[in-house]
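# return a 3D structure for these sequence lines:
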Amino acid sequence: MLITFALEPDLVKEIEAVDPRINVTVLGQAARQLFRGQRKYPSELEAQTARQEFDEAMSEAEVLFGFWGPALIELYPNVDALKAKAPKLHWLQLTSAGLDRAAKSGLLEGDIMVTSASGLHATPIGEYVLALMLMFCKQAHTFVRAQGRKEWVRFMPRELYGKTVGVVGMGHIGAEVARLSKAFGCRILATRRSATERTEDELAETLPPSDLPYLLEQSDFVVLATPLTEETRHLIGEAELKTMKPSAVLINIARGPVVDQDALIAALKSGEIAGAGLDVFEQEPLPDDSELWDMENVIMSPHISGGTEIYNQRATGIFRDNLKRYIAGERLNNLADPARGY
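Model (predicted):
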């Protein structure tokens, strides 16, 4: 078994304790310790690992636990390149919930099982979205920026209570956003890929994807929580932004390409929508010349909404549960579906 990022020794021991036959290799453990409270993602640590170190470990790996990010994509740009270096690899457990990078590399189409960490990010991203909605209602970005200029700027804040929150993608993250928003007295609309008609329960009015225009025109906050697939690429474009209320705010914690970024910038400049809270972008890092940097009605963060001080513990828990299933020959949780792309 190969772990491609530095992991706390006690968590490595938890993995080894699943079965005495497990032989674990952890790349970079001696050089780069990642302990609780430190603020690096597995992907950032993988990027520092030498090519030779990867190749040697990959040659014997049956199971890989890590992040399919830029470092591994550069080394193994497609499934054939990966299989050439890792002929024994049967299963790739990702530390990320999104599978778009793995899908782009063709991994979902091959005979290597790929599983995600879906569910890991529900709590931190749910809290992040709620923070953004409160910031826009209370205009926190306005008074923080005014403080930096030493300006006494008074204005009338709004309440979150009673607002309509539209959740596009009612998975783990979307459901947590809905739950937290409901606790603040919001009305919840949510699209679900598998829904075929409108239904309603105590939490939300659930809609089929075809009812996206209804969600957009009704919502004060539109929260994008859908995977990136060919179906969802540029799901929100010029027409969809025109459908939203002029007072509405778009929040994207999904993937940057779910939104047509040029159309979004135009809508923000023209006042078609009131603002945007963005954690993801079509190009990351966001280029220095992007107009988004200087927009007063935009709150941005550098793709960190899923971050938590217990990231590794949660990822390891998901992996250990799946490892038990793998050894027992049972179906794995969060197994990628090539037809869906996630």
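# separation between Asn334 and Leu7?
19 Å (CB to CB, to the nearest Å). C-beta coordinates here come from the backbone N, C-alpha and C atoms, glycine included.
# with Phe136 instead?
Phe136 sits 37 Å away from Leu7, taking CB to CB as the criterion.
# and for Thr243?
Separation of Thr243 from Leu7 (CB to CB): 45 Å.
# how about Ala239?
Spatial separation of Ala239 from Leu7 under the definition CB to CB is 45 Å.
# next one: Asn312
The value you get for Asn312 to Leu7, if CB to CB is used, is 6 Å.
# picking that back up, of Ala239 and Leu7, who's got more company?
Neighbours were tallied for Ala239 and for Leu7 using other CB atoms under 10 Å; the higher tally belongs to Leu7 (27 against 11).
# checking my notes, that one in a strand, right?
No - if the criterion is DSSP: H, G, I helix; E, B strand; the rest coil, then Leu7 is coil and not within a strand.
# just checking, it touches Gln313?
No - if you go by CB atoms under 8 Å, Leu7 and Gln313 don't touch, sitting 10.2 Å apart.
# which parts of this protein are helices?
In the chain, the segments counted as helices under DSSP state H are 9-16, 42-46, 51-58, 70-75, 79-85, 100-104, 122-138, 140-149, 172-183, 212-218, 238-243, 261-270, 311-328.
# got a markdown table for these, with distance to Ser305 and mean pLDDT too?
Supplementary listing: the helices of the chain in a markdown table, determined by distance: least, CB to CB, whole Å; pLDDT from 0 to 100:
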| stretch | distance to Ser305 | mean pLDDT |
| --- | --- | --- |
| helix 9-16 | 23 | 95 |
| helix 42-46 | 15 | 55 |
| helix 51-58 | 28 | 83 |
| helix 70-75 | 19 | 84 |
| helix 79-85 | 29 | 93 |
| helix 100-104 | 16 | 91 |
| helix 122-138 | 4 | 98 |
| helix 140-149 | 16 | 96 |
| helix 172-183 | 9 | 98 |
| helix 212-218 | 21 | 98 |
| helix 238-243 | 21 | 98 |
| helix 261-270 | 17 | 98 |
| helix 311-328 | 12 | 96 |
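# among the ones you listed, which is nearest Gly341?
helix 100-104 (5.2 Å; CB to CB).
# neighbouring contacts of the closest one?
Outside helix 100-104, the residues within contact range by CB atoms under 8 Å, 6 or more residues apart in numbering are 68-69, 73, 92, 94, 108, 114, 227-229, 255, 336, 338, 341-342.
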